[in-house]
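Asks: Show me the folded form of this:
(one chain, ligands or ions: 1)
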Amino acid sequence: MDFNPVEIIKKKRDGGTLTEEEIRFFISSFLTGQIPEYQMSALLMAIHFNGLNDDETLSFVRSYVQSGKTVDLSFLNKPKIDKHSTGGVGDKTSLILAPLLACFDVVVPMMSGRGLGHTGGTLDKLESITGFRIDLSVTEFVDILKKLNVCMIGQTDDLAPADKKIYALRDVTATVDDIGLITASILSKKIAEGAEGIVYDVKMGSGANLPDTEKSRELAYKLLETTRKFGKEACALLTDMNEPLGYAIGNWLEVEECISIMDPSAKKSHLSEDLIQITLTLGGAMLMLAKKCEGIQEGFQMCEKKLFGGECFAKFVNLVELQGGNVELMIHQETYPAASSRSEIRAFDDGFISLLDALAFGTAAVNLGSGRMKADDKIDNSAGILLSKKVGDRVNKGETICELFAETENRLRTAESILNKGIGISKTGSQLKDKIIQVID
Ligand code: URA
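Replies: Numbers count the residues shown, from 1 in each chain. Next up is the predicted model:
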């Protein structure tokens, strides 16, 4: 049925509720080009001001999914579980979790995104492994899943294409941070990739994409409720993103940090406790949804064994190989091209680290070249930041807090000036807060 786009925009603008047919019409006509960008932008802004109720959100999800293909993984007689993070700084959990869960005969069909603003993206991290292909066809994706139980790709043109086109428009019309639109966007891709259960890692704090903590909590509940209405299992973790996760920020640096955790023979300069805790808790939740254990704690311990026993690393190396990446780099990271310029930030006083502001570190890393300021910016895979200290650590005046890596001295100076306001030292240490704020299952 045909509708008048102006009437639909007007209805939403005036606080009305759109029907499934109206939403499907608007989205499918936008995808075919019959509805222009200015009308879709107007509708998105009307939604931004008036929100989407539960039924409208469901209609958005269904319309996004129906706009493309759905991967049929039903012939794989195993649970299919994925994880989604709302985005953070130094958040590299997917690189460990995907191969880790695959070791338990859980299928992980992971479709990830690129860096957005100050937050990093799994695809950019994977692509820093020379040769690694994330642009696989659906056939290649399914083939690798059959062989390994895991495959990690970017959003293809076949899967939820309406979300892809509308997301690009939301990005430039200041309509990204709407709870209903975010929920529909995330969930439609998970349904299209064939996931049966999803664990959400919703970040809270200065480095999160939604810095308002109450909005993050609202998003977690909306994701859970909407996912369950599609008959899928779901669980959400609210996790702290006031400080970068782990020690590395920047694409290849983050891959190296993950290898140092996964490879039992690797030299460990630091134990990334916060990263390991969040990764194993998410892993435990994924195992719980896959019905491989009773609860998250039991799953946590099961994951711990495979992670530190080397099985997870072997799976990761297999994945790199099947997706075209240079496997030699997994063993010989010293052969990776180093950044040409390096500097250090040193402690200006004795005391305890009281602040490593995730937003400042994410923004500094982008300025060093590890992220994009414009959509077509080229990424410098060797650029980034390596922390030597974490919040709560004791520090002496003059000791290194972090090292910065970039192609030019100019980039280093810009990042240093951003970080000046993002690092704090106090005379007394304070009680460290748990990185897992809440588990909603
Ligand atoms: N990630 C997505 O995939 N979609 C959103 O809308 C926000 C984050």
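Asks: what's the nearest residue to the closest residue to the ligand within the chain if we skip its chain neighbours?
Replies: Residue of the chain nearest the ligand, by C-beta to the nearest ligand atom: Ser185 (3.4 Å). Where you see a C-beta, it was placed from the backbone N, CA and C, and this is true even at glycine. Distances taken as C-beta to C-beta, 6 or more residues apart in numbering place Asp163 nearest to Ser185, at 5.0 Å, with adjacent residues excluded.
Asks: and the helix or strand that contains the one you found, what other elements does it pack with?
Replies: If you go by DSSP states H and E, Asp163 is part of helix 161-171. If you count contacts as 3 or more C-beta pairs under 8 Å, 6 or more residues apart in numbering; DSSP states H and E, helix 161-171 packs onto helix 20-32, helix 37-50, helix 54-66, helix 179-193.
Asks: Deepest-packed of those, please.
Replies: Of all those, helix 179-193 has the most neighbours on average by mean count of other C-beta atoms under 10 Å, namely a mean of 24.
Asks: which element follows that helix toward the C-terminus?
Replies: Next along from helix 179-193, by DSSP H and E: strand 197-204.
Asks: So which bits of stretch 313-328 are buried?
Replies: By 16 or more other C-beta atoms under 10 Å, the buried positions in stretch 313-328 come out as 313, 315-320, 322-323, 325.
Asks: Would you mind giving those as TSV with distance to Ala338, secondary structure and pLDDT added?
Replies: Output for the buried residues of stretch 313-328, formatted as TSV (distance: C-beta to C-beta, whole Å; DSSP: H, G, I helix; E, B strand; the rest coil; pLDDT from 0 to 100):
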residue	distance to Ala338	secondary structure	pLDDT
Phe313	23	helix	98
Lys315	28	helix	98
Phe316	23	helix	98
Val317	23	helix	98
Asn318	27	helix	98
Leu319	25	helix	98
Val320	21	helix	98
Leu322	28	helix	98
Gln323	24	coil	98
Gly325	19	coil	98
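Asks: What about the ligand: which of those touch it?
Replies: Contacts with the ligand are made by none of those, judged by C-beta under 6 Å from any ligand atom.
Asks: contact partners of the helix holding Asp163?
Replies: Around helix 161-171, the neighbours that count as contacts under C-beta atoms under 8 Å, 6 or more residues apart in numbering are 27-28, 30-31, 37, 40-41, 44, 63-64, 67-68, 116, 155, 157, 175-176, 181, 184-185, 188-189.
Asks: again, only using 7 Å
Replies: 27, 30-31, 37, 40-41, 44, 63-64, 67-68, 155, 176, 181, 185, 188-189 (C-beta atoms under 7 Å, 6 or more residues apart in numbering).
Asks: same check, this time on stretch 245-257
Replies: 88-92, 95, 124-125, 128-129, 270, 272, 274-275, 278, 333, 336, 361, 365, 370, 379, 381-387, 405.
Asks: quick one, strands of the stretch 251-400 of the chain?
Replies: Ranges of strands within the stretch 251-400 of the chain are 341-346, 351-356, 384-387, 394-395, 400-406, based on DSSP state E, counting those that start in this stretch.
Asks: do you know which of the ones you listed lies nearest Val6?
Replies: strand 384-387 (47.8 Å; C-beta to C-beta).
Asks: centre of the chain versus that closest one, how much separation?
Replies: 19 Å (C-alpha atoms, centre = their mean, to the nearest Å).
Asks: Then stretch 82-95?
Replies: 3 Å.
Asks: Just the CA atoms of it, as CSV, please.
Replies: Below are the C-alpha coordinates for stretch 82-95, written out as CSV (Å, rounded to 0.1, in the frame of the first residue of the first chain):
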residue,chain,number,x,y,z
ASP,A,82,26.9,-13.3,19.6
LYS,A,83,27.9,-10.4,21.8
HIS,A,84,27.4,-6.7,21.1
SER,A,85,29.2,-3.8,22.8
THR,A,86,27.8,-0.3,22.7
GLY,A,87,31.4,0.9,22.1
GLY,A,88,34.3,2.1,24.2
VAL,A,89,38.0,3.0,24.4
GLY,A,90,40.4,0.1,24.3
ASP,A,91,37.4,-2.3,24.1
LYS,A,92,39.0,-5.4,22.4
THR,A,93,36.9,-8.1,24.1
SER,A,94,35.4,-9.4,20.8
LEU,A,95,38.9,-10.4,19.5
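Asks: could you give me the average pLDDT of that stretch?
Replies: Mean per-residue pLDDT for stretch 82-95: 96.
Asks: Now tabulate the helices and strands packed on helix 161-171 in CSV and tack on mean pLDDT.
Replies: Shown next, in CSV, are the helices and strands packed on helix 161-171 (pLDDT from 0 to 100):
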stretch, mean pLDDT
helix 20-32, 98
helix 37-50, 97
helix 54-66, 98
helix 179-193, 96
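Asks: Tell me which of those helices sits nearest to Val199.
Replies: Comparing those by C-beta to C-beta, helix 179-193 comes nearest, at 10.5 Å.
Asks: now the angle from that closest one to strand 197-204?
Replies: Put simply, helix 179-193 runs at 150 degrees to strand 197-204, going by axes from the mean of the first three to the mean of the last three C-alpha atoms, to 10 degrees.
Asks: Which strands or helices does helix 179-193 pack on?
Replies: helix 54-66, strand 81-85, strand 108-112, helix 161-171, helix 213-229 (3 or more C-beta pairs under 7 Å, 6 or more residues apart in numbering; DSSP states H and E).
Asks: which residues touch it?
Replies: Contacts for helix 179-193 (C-beta under 7 Å, 6+ apart): 47, 51-52, 56-57, 60-61, 64-65, 68, 70-71, 82, 84, 109, 111, 155, 159-160, 163, 167, 170, 175, 198, 215, 218-219, 222-223, 226-227, 230.
Asks: Any chance you could note which residues of this structure sit beside the ligand?
Replies: Looking at the ligand, the residues of the chain close enough under C-beta under 6 Å from any ligand atom are 113, 167, 176, 181-182, 185-186.
Asks: buried sites along the helix-or-strand element of the chain with minimal mean pLDDT?
Replies: The helix or strand of the chain with the lowest confidence, counting by mean pLDDT, DSSP states H and E, is helix 161-171 at a mean of 92. Residues 161-167, 169-170 are the ones in helix 161-171 that count as buried (16+ other C-beta under 10 Å).
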